[in-house]
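Prediction below, plus the sequence it came from.
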Amino acid sequence: MPVQKTAYITGGASGIGLALARTLAHRGIRLAIADLNISTANSVASDLCAEQNAPDLVTAFELNAADWDSQLSVFQKVVEHFEGRVDYVYPIAGIGEKVSIPNDGGKGKGFVKPNLSVLDVDLYGVLFTVSLAVQQMRRQERDESGFRGKIATVASVCGFYCVPTLPIYTAAKHGVIGFIRSFGKYLPEEHITLNAVCPNVVRTGISTSAFYDKLESQGLLTPMKPVIDAFEKFLDSDISGECWEAGPKGDLVKREAAEYLDRESGLLMDMLYERGHGLHQPQS
């Protein structure tokens, strides 16, 4: 009888994280959902357990995704809860654009530190979770399909395109996509996969109902289905280092990275790959 799989989701109490949690619970995968809103996370865990008639299927944890100590503490509890193996990890927790550089109309005389909390959650938070996942998966034996584990996150079309009024969010999502397309192409050497789904705007808690209603009235709101379809694709295949765009028409399309300028640029990238390869090998 196959061993029950386990999964860890940050931001699992709402939005995309919640939709993913429902999908995985329906598959019978044991879940740990982590969220800053622990009361909602507990309610979600209770509801999913009741829906699947499985009292121990989903467990909730309180997490501040921007804080390394919080991430480490929760992940250690999750590993212990799952008795030493986490098969799938999903860094989904995210926030929207904030006022990063206050505009005082040019009347001020001093300088203010920018608010980069969006980077803390949407970029560094993702990197923290992936780092924990990779370290754990390196300690795990390969499963029946040959993998030590699979990781998938949410980026955004703001990682492909540029939104002038969302500069920090755009920078964070460009960073996530660059990370996926680079590290995700290396990790299969260690029998780990890493991918991202990049939705257009999906109805979540990041923006307002009025904004989502406006988009929906113009056919510009992306349904949740293609986003979840992407996660299922990552779960059921051996692809890695890929970013898939989910669009308002329900489309799900793999987006290729930029082409090399010329043959020499391609050769240089190969040499840089070899140059950095040792950084990821076991250290003596």
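Okay, I see it.

can you pull the contacts of V227?
By CB atoms under 8 Å, 6 or more residues apart in numbering, the contact list for V227 reads 16, 19, 154, 197, 199, 202, 246. Where you see a C-beta, it was placed from the backbone N, CA and C, and this is true even at glycine.

Now intersect those with the strands, please.
In this view, those that belong to strands under DSSP state E are 154, 197, 199, 246.

now, which of those sits nearest F179?
Distances from F179 to the ones in strands among the contacts of V227, taken as CB to CB, are shortest for V154 (12.8 Å).

quick one, longest helix in the protein?
helix 167-186 (DSSP state H).

What average pLDDT does stretch 134-154 get?
In this model, stretch 134-154 has a mean pLDDT of 97.

Not counting its own residues, what contacts it?
Applying CB under 8 Å, 6+ apart, the external contacts of stretch 134-154 come out as 2, 16, 75, 79, 84-92, 94, 126, 129-130, 133, 176, 180, 187, 190-199, 227, 230-231, 234-235, 238.

Helix or strand: which one has G266?
Assessed by DSSP states H and E, G266 sits inside helix 263-277.

quick one, what contacts T165?
For T165, the contact set (CB under 8 Å, 6+ apart) comprises E97.

Kindly reformat the contacts of V227 as CSV containing distance to D69 and neighbour count.
Output for those, formatted as CSV (distance: CB to CB, whole Å; neighbours: other CB atoms under 10 Å):
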residue, distance to D69, neighbour count
I16, 25, 25
A19, 29, 19
V154, 23, 28
V197, 28, 27
P199, 30, 24
V202, 30, 23
A246, 33, 25
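
These into CSV, with extra columns for distance to I101?
Converted to CSV, the contacts of V227 look like this (distance: CB to CB, whole Å):
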residue, distance to I101
I16, 28
A19, 34
V154, 26
V197, 30
P199, 27
V202, 28
A246, 31
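
so how many other residues sit close to G110?
By the criterion of other CB atoms under 10 Å, G110 has 5 neighbours.

Ramachandran coordinates for it?
The phi and psi values for G110, taken as degrees, to the nearest 10, are phi -100, psi -170.

For N103, see how far away it is.
In this view, G110 and N103 are 14 Å apart by CB to CB, to the nearest Å.

for stretch 180-199, how far is the first residue from the last?
Using CA to CA, to the nearest Å, the end-to-end distance of stretch 180-199 comes to 15 Å.

tell me which residues of that stretch are tucked away?
Buried residues in stretch 180-199, counting neighbours by 16 or more other CB atoms under 10 Å, are found at 180-181, 183-184, 186-187, 190-199.

State the mean pLDDT of that stretch.
98.

which other residues reach stretch 259-277?
Under the criterion CB under 8 Å, 6+ apart, residues Y186 lie in contact with stretch 259-277.

mean confidence score for it?
For stretch 259-277, mean pLDDT is 96.

what's the answer for stretch 26-38, then?
Mean per-residue pLDDT for stretch 26-38: 97.

got the buried residues for it?
For stretch 26-38, the neighbour count (16+ other CB under 10 Å) marks 29-37 as buried.

Same check on stretch 153-166?
Neighbour-count burial for stretch 153-166 flags 153-159, 166 (criterion: 16+ other CB under 10 Å).

Distance to G250 added to those, as JSON lines?
Listed next are the buried residues of stretch 153-166 as JSON lines, based on distance: CB to CB, whole Å:
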{"residue": "T153", "distance to G250": "21"}
{"residue": "V154", "distance to G250": "17"}
{"residue": "A155", "distance to G250": "19"}
{"residue": "S156", "distance to G250": "17"}
{"residue": "V157", "distance to G250": "15"}
{"residue": "C158", "distance to G250": "20"}
{"residue": "G159", "distance to G250": "20"}
{"residue": "L166", "distance to G250": "24"}
